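Asker: Mind folding the following:
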Amino acid sequence: MKGTYLESIIKQFEYYKLLGEKTFAQLTGEQLMWEYTQDCNSIATIVKHLWGNMLSRWTDFLTEDGEKTWRDRDAEFENDIADRQELMDKWNEGWKCLFEALKPLSDHDLEREIFIRNQGHTVVEAINRQLAHYAYHVGQIVYIGKIAKKDSWQTLSIAKGQSKQFNAQKFAEEKHRQHFTDEFLKGKE
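Answerer: Have a look, this model is predicted:
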């Protein structure tokens, strides 16, 4: 059985993956490619960047530097994804690479040293670095989705003005141990 940290971190990554997917589901193909201004990234561009980063960081995670020589980071910011299918293919390929690297890890691996751009990190530090990076970009994806949908956006969290009602419901339940992402991952918000 995996350690608590590894179970938790996998759930965290699953949560951010699902946030992105729930955003994509609300948007048209055109909205996925839309740029607020020429200097802003579209959702498609952010997905392409995440894809490139994930493949680079998680391929041979324990044995090779996380910044692969074959990665072309600058090209990740060219808005050239053709359609929703290509976007989803890149999204899923990146996450698959990440989960295939994480799931075999054991607690024993957590203090091993790995390198990103020749800078040493423990496995825990490298995982935390990537979680923060992906959460940052998924937050951008959600925000761009919200702007693109305007008034027809369906919130992915507690609706504005509904905190008291939500909390009253939660405090009416018996106390129990549950990871905060469990309900979201099961489709409950």
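
Asker: List the residue ranges of the protein that fall below the pLDDT cut-off.
Answerer: Applying pLDDT under 70 to the chain picks out residues 1-3, 178-189.

Asker: in the protein, which spans are helices?
Answerer: When assigned using DSSP state H, the helices of the chain occupy the ranges 4-26, 29-33, 43-58, 84-102, 123-149, 163-172, 182-185.

Asker: Tell me which residues of stretch 7-16 come out buried.
Answerer: For stretch 7-16, the neighbour count (16 or more other C-beta atoms under 10 Å) marks Ile9, Ile10, Gln12, Phe13, Tyr15, Tyr16 as buried. For glycine as for every other residue, the C-beta is placed from the backbone atoms N, C-alpha and C.

Asker: Would you format the helices of the chain as JSON lines with distance to Gly66 included?
Answerer: Converted to JSON lines, the helices of the chain look like this (distance: least, C-beta to C-beta, whole Å):
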{"stretch": "helix 4-26", "distance to Gly66": "16"}
{"stretch": "helix 29-33", "distance to Gly66": "27"}
{"stretch": "helix 43-58", "distance to Gly66": "4"}
{"stretch": "helix 84-102", "distance to Gly66": "10"}
{"stretch": "helix 123-149", "distance to Gly66": "7"}
{"stretch": "helix 163-172", "distance to Gly66": "39"}
{"stretch": "helix 182-185", "distance to Gly66": "27"}
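
Asker: I'd like to know how many residues surround Gly29.
Answerer: 15 (other C-beta atoms under 10 Å).

Asker: do Trp70 as well
Answerer: 8.

Asker: Repeat that for Glu30.
Answerer: Glu30 - counted by other C-beta under 10 Å - has 9 other residues nearby.

Asker: Which residues are in contact with the closest residue to Arg129 other than its chain neighbours?
Answerer: Leaving aside its chain neighbours, Arg129 sits nearest to His121 (6.8 Å; criterion: C-beta to C-beta, 6 or more residues apart in numbering). Counting by C-beta atoms under 8 Å, 6 or more residues apart in numbering, His121 touches Glu113, Ile114, Phe115, Arg129.

Asker: which one of those residues is nearest Gly20?
Answerer: Gly20 lies nearest to Arg129 out of those, by C-beta to C-beta, at 18.9 Å.

Asker: And Leu32, how far from Trp153?
Answerer: 15 Å (C-beta to C-beta, to the nearest Å).

Asker: which residues does the nearest residue to Gly120 once chain neighbours are set aside contact?
Answerer: The shortest distance from Gly120 to any non-neighbouring residue, by C-beta to C-beta, 6+ apart, is to Glu113 (5.1 Å). By C-beta under 8 Å, 6+ apart, Glu113 lies in contact with Gly120, His121, Thr122.
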